[in-house]
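In: give me the fold of what follows.
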Amino acid sequence: MDDVAHHIGASWLKLWLPFRVLYGKKMLPKISDYLFKLLLIGDSGVGKSCLLLRFADDSYLDSYISTIGVDFKIRTVEQDGKTIKLQIWDTAGQERFRTITSSYYRGAHGIIIVYDITDQESFNNVKQWLSEIDRYASENVNKLLVGNKSDLNDNRAVSYDTAKSFADEIGIPFMEASAKSATNVEQAFMAMAAEIKNRMATQPASNNAKPPTVQIRGQPVNQKSGCCSN
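Out: Sure, this is the predicted structure:
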């Protein structure tokens, strides 16, 4: 019996040790050097959720269930040898939700303001969203203006030059993107991460701490939004 027990024990040890090594060295998640909280804001239907889905999951839906309040996704990226965890919050654009989302500006490291290049009103409302940033976000928060749906150039209502001039005037970066074709989506989020990382590098280490998070997720409503559709 002792020989049998010894044989079984030795066999189990052979199976267990490789698993232990694999788990200990490869399966444990790497600790991030940075955790950045990003916000996507803008009018309803401009494609905020679609930009988030494209960046976080590399997926696209022609129609997307509207979000009430906020929801978020996380993606970890590498830049200059640093591991950066991006916690990206998708805020509802409808006017009636603005008072709900105001608290989510606090603690944000970067904010992407999105408009639809085929919707002049969504571009006009960018000024209102910038006013909310000035009111609720930290003074040194990084900002980026993104004109979404660049794949619908034939239906364009806002010219590139108009948006670029506006962004230059207020001193924030600008680019056009398309969640549908994946054009400039990766570049937009990575550029934002790089800008925040560079800013953090010049600030005390305490500012690199994990930002406050709120354990409340938006609940979908049973109606489709046109945010991702043509």
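In: quick check: Val46 is in a helix.
Out: No - counting by DSSP: H, G, I helix; E, B strand; the rest coil, Val46 is not found in a helix; it is coil.
In: ok, how many other residues are close to it?
Out: 30 (other C-beta atoms under 10 Å). From N, CA and C alone the C-beta is placed, and that goes for glycine too.
In: do the one 3 residues further on as well
Out: When neighbours are counted by other C-beta under 10 Å, Ser49 registers 26.
In: can you tell me the helix or strand for it?
Out: helix 48-57 (DSSP states H and E).
In: and that helix, what does it pack onto?
Out: Contacting helix 48-57 under the criterion 3 or more C-beta pairs under 8 Å, 6 or more residues apart in numbering; DSSP states H and E are the following elements: strand 34-41, strand 64-67, strand 70-79, strand 82-91, strand 110-116, strand 142-148, helix 185-201.
In: ok, residues contacting it?
Out: With C-beta atoms under 8 Å, 6 or more residues apart in numbering as the test, helix 48-57 has contacts from 40-42, 59-61, 64, 67, 73-75, 88, 90-91, 93, 112, 114, 146, 148, 177, 179-180, 182, 185-186, 188-189, 225, 227-228.
In: about what we covered before: closest to Gly47 out of the helices and strands packed on helix 48-57?
Out: Among these, the nearest to Gly47 by C-beta to C-beta is strand 142-148 (4.2 Å).
In: which parts of whichever helix or strand comes after that closest one are buried?
Out: The first helix or strand that comes after strand 142-148 along the chain, using DSSP H and E, is helix 160-170. For helix 160-170, burial by neighbour count (16 or more other C-beta atoms under 10 Å) applies to 163, 166-167.
In: can you classify Ser131 as helix, strand or coil?
Out: Ser131 is classified as helix under three-state DSSP.
In: can you pull the phi/psi pair for Asp58?
Out: For Asp58, the backbone dihedrals are phi 50, psi 50 (criterion: degrees, to the nearest 10).
In: can you get me a residue count around it?
Out: For Asp58, using other C-beta under 10 Å, the count is 11.
In: shift numbering so it begins at 649
Out: Understood, numbering begins at 649; the last thing we discussed is Asp706.
In: in the protein, where is pLDDT below threshold?
Out: Across the chain, the ranges flagged by pLDDT under 70 are 649-678, 711-718, 740-749, 852-878.
In: state the distance from Leu792 to Met838.
Out: 11 Å (C-beta to C-beta, to the nearest Å).
In: between those two, which has more neighbouring residues?
Out: Neighbour comparison, Leu792 and Met838: the larger count goes to Leu792, with 20 against 15 (by other C-beta under 10 Å).
In: what sits against the more buried one?
Out: Per C-beta under 8 Å, 6+ apart, neighbours of Leu792: 758-761, 820-823, 836, 839-840, 843.
In: most neighbours, which of those?
Out: That'd be Ile759 among the contacts of Leu792, by other C-beta under 10 Å, with 27 neighbours.
In: neighbours of the nearest residue to that one once chain neighbours are set aside, how many?
Out: Counting by C-beta to C-beta, 6 or more residues apart in numbering, Ile759 lies nearest to Leu687, which is 4.6 Å off, once chain neighbours are set aside. Using other C-beta under 10 Å, Leu687 has 26 neighbouring residues.
In: quick check: bridge partners of Leu687?
Out: Trp737, Ile759 (DSSP bridges).
In: surely Ala756 is in contact with Lys685?
Out: Yes - using C-beta atoms under 8 Å, Ala756 is in contact with Lys685, at 5.1 Å.
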